[in-house]
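Engineer: Return a 3D structure for these sequence lines:
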Amino acid sequence: MSEKIGKNEMGEKIGYFRWSIVALVFFATTINYIDRQVLGILAPVLQKEIGWNEIDYGYIVTAFQAAYAIGLVVVGRLIDKFGTKLGYGLAILGWSIAAMFHAAARSVVGFATARFALGLSEAGNFPAAIKTVAEWFPKKERAFATGIFNSGSNIGAIVAPLVVPWITITYGWQEAFIATGALGFIWIFFWWILYEKPEQHKRLKKPELDYILSDPSETSVKIPWLQLIKYKQTWAFAIAKFLTDPIWWFYLYWIPKFLFNNYGITLDKIGPPLIIIYVMADVGSIGGGWLSSFFIKRGFTVNKGRKAAMLIMAICVIPIVFASQASEMWIAVALLSIATAAHQGWSANLFTTVSDLFPKKAVASVVGFGGMAGAIGGMLIATFAGFILQLTGSYVWLFIISGSVYLLAFFIFNLLAPQLEPIKEKI
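Structural biologist: Have a look, this model is predicted:
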């Protein structure tokens, strides 16, 4: 009851400063997705201007995914080593510069190079974000906090189709990359002023600090990277990411092209359907995180609460298999909205399982390893989608895959991590 009225067991007000930290991470994630979404929105325009085909576009997307895979492993470990404040700041500095560099590209190779640089640096976002939540929240609030910051990915995907077409039509596509890339520099200013670890933060009052640190103490021993990959729990997370992350990448890069190819939706009209799709994804992200927290507060174990929410999300994705056959655009938009919402609800809970299973010192490394697996899956789907669309012109198989893999991922995750208990092996 005390947490519901914002007080601890001594009757002291807990405080809410930790939510301002989530707000910072939310805005970082929003900027992250604005920067990576620009290419997908401009793809029909650039395809005509630069002269690439579906296979070329698949290779450009693959360049991002390859760099993202490399970056997640390297950056995740560096963030665990050097700390969240410095690591996060350097990551967003790097991806802001890379995003602006797209304006100088004039060929398939140029765009692939810019995407590689963007992927390498954007890889820092989620390891740093999950680590921040693990540092600033007790376990019972982490899924909800993760859902909030993860919803920034959808806000970014909403803002981009509102802003990018207008900038492009008014000023040109180069300016769209420059303007959106510059947002990261504003975020760095506020991050550097406002962020510290809870134990070191001068604005954090003792009741809230005690609440943040209320979980049982964790090991302070550093876990070597090679040791982490020996745990089946690490592989449970990584395989689930490998199977389901590519679906989100597919949505991000191919929904604008799908709507253009199937329904003739041009750049000046792409905004409303994309906004609806990603608003619903936002609802799914926050709602999915809230759902497992709701189950846990109602007496479910952490294991049952997280997995019940994940299973519900996996089932909700299934109707997307019919999207390619939708006779009306808005039917396809409705199916895509349900699928993106369910994916984000799934993702919020999957991310949170890392801090359920591993100590804070290892969170960014495990998230990075799993993210690498997801990015490798993204490379495969990008190249596969390019060839399938070039050869058949049909999205049927791509949407069948999109609707099927979540249940498979859930089964494998449950098999490898039947109980979401912190690792107990001697380390």
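Engineer: Which other helices and strands does the one helix or strand in the chain whose mean pLDDT sits lowest contact?
Structural biologist: Using mean pLDDT, DSSP states H and E, helix 225-228 stands out as the lowest-scoring helix or strand of the chain, at a mean of 74. Secondary-structure packing of helix 225-228 (3 or more Cβ pairs under 8 Å, 6 or more residues apart in numbering; DSSP states H and E): helix 360-392. In this view, the C-beta of every residue, glycine as well, is placed from N, C-alpha and C.
Engineer: any low-confidence regions in this structure?
Structural biologist: 1-12, 215-225, 267, 424-427 (pLDDT under 70).
Engineer: Apply 50 and report the result again.
Structural biologist: 1-5, 8-11, 426-427 (pLDDT under 50).
Engineer: Do a quick rundown of the strands in it.
Structural biologist: Assigned by DSSP state E, the strands in the chain number zero.
Engineer: Now do residue 144 against residue 411, distance only.
Structural biologist: 26 Å (Cβ to Cβ, to the nearest Å).
Engineer: So for those two, which sits in the more crowded spot?
Structural biologist: residue 144 (22 against 13; other Cβ atoms under 10 Å).
Engineer: May I ask you to confirm that that one is in contact with residue 295?
Structural biologist: No: Residue 144 lies out of contact with residue 295 (Cβ atoms under 8 Å); the separation is 11.7 Å.
Engineer: my guess is residue 287 contacts residue 342, does it?
Structural biologist: No: look at residue 287 against residue 342 with Cβ under 8 Å: they stay out of range, at 9.9 Å.
Engineer: Neighbour count for these two, which is higher?
Structural biologist: residue 342 (26 against 21).
Engineer: where's that one relative to residue 172, distance?
Structural biologist: 37 Å.
Engineer: repeat for residue 409
Structural biologist: On the measure of Cβ to Cβ, residue 409 and residue 172 end up 41 Å apart.
Engineer: Also residue 99?
Structural biologist: Distance, residue 99 to residue 172, by Cβ to Cβ: 16 Å.
Engineer: So which of the two has more stuff around it?
Structural biologist: residue 99 (29 against 12).
Engineer: gap between that one and residue 37?
Structural biologist: Distance of residue 99 to residue 37, computed by Cβ to Cβ: 11 Å.
Engineer: Same question for residue 244.
Structural biologist: 19 Å.
Engineer: next one: residue 375
Structural biologist: From residue 375 to residue 37 the distance is 17 Å (Cβ to Cβ).
Engineer: Which one's more surrounded, these two?
Structural biologist: The neighbour count for residue 375 versus residue 37, taken as other Cβ under 10 Å, is higher for residue 375 (27 against 24).
Engineer: Skipping adjacent residues, who's closest to that one in space?
Structural biologist: residue 69 (3.6 Å; Cβ to Cβ, 6 or more residues apart in numbering).
Engineer: Report how many residues lie close to the one you found.
Structural biologist: Counted by other Cβ under 10 Å, the residues lying close to residue 69 total 23.
Engineer: what's near enough to touch it?
Structural biologist: Contact analysis of residue 69 by Cβ atoms under 8 Å, 6 or more residues apart in numbering lists 123, 371, 372, 373, 375, 376, 378, 379.
Engineer: dump the residue contacts of the third one.
Structural biologist: With contacts defined as Cβ under 8 Å, 6+ apart, the neighbours of residue 372 are 68, 69, 70, 72, 73, 238.
Engineer: Please report phi then psi for residue 422.
Structural biologist: With angles defined as degrees, to the nearest 10, residue 422 sits at phi -50, psi 140.
Engineer: no, scratch that, I was asking about residue 326
Structural biologist: According to degrees, to the nearest 10, residue 326 has phi -60, psi 130.
Engineer: That one is in contact with residue 336, isn't it?
Structural biologist: No: between residue 326 and residue 336 there is no contact under Cβ under 8 Å: 9.3 Å.
Engineer: So between these two, which is more surrounded?
Structural biologist: Between residue 326 and residue 336, counted using other Cβ under 10 Å, the more crowded position is residue 336 (27 against 17).
Engineer: pretty sure that one contacts residue 254?
Structural biologist: No: here residue 336 does not reach residue 254: they are 10.6 Å apart, not a contact under Cβ under 8 Å.
Engineer: Stretch 123-141: how far from the chain's middle?
Structural biologist: 12 Å (Cα atoms, centre = their mean, to the nearest Å).
Engineer: Neighbours of residue 198, how many?
Structural biologist: 17.
Engineer: what residues are up against it?
Structural biologist: 18, 135, 136, 204, 209, 212, 213.
Engineer: Distance check, the fifth one against residue 352.
Structural biologist: When distance is defined by Cβ to Cβ, residue 209 is 21 Å away from residue 352.
Engineer: Which one of these two is surrounded by more residues?
Structural biologist: Neighbours were counted for residue 209 and for residue 352 using other Cβ under 10 Å; residue 352 has more, 31 against 17.
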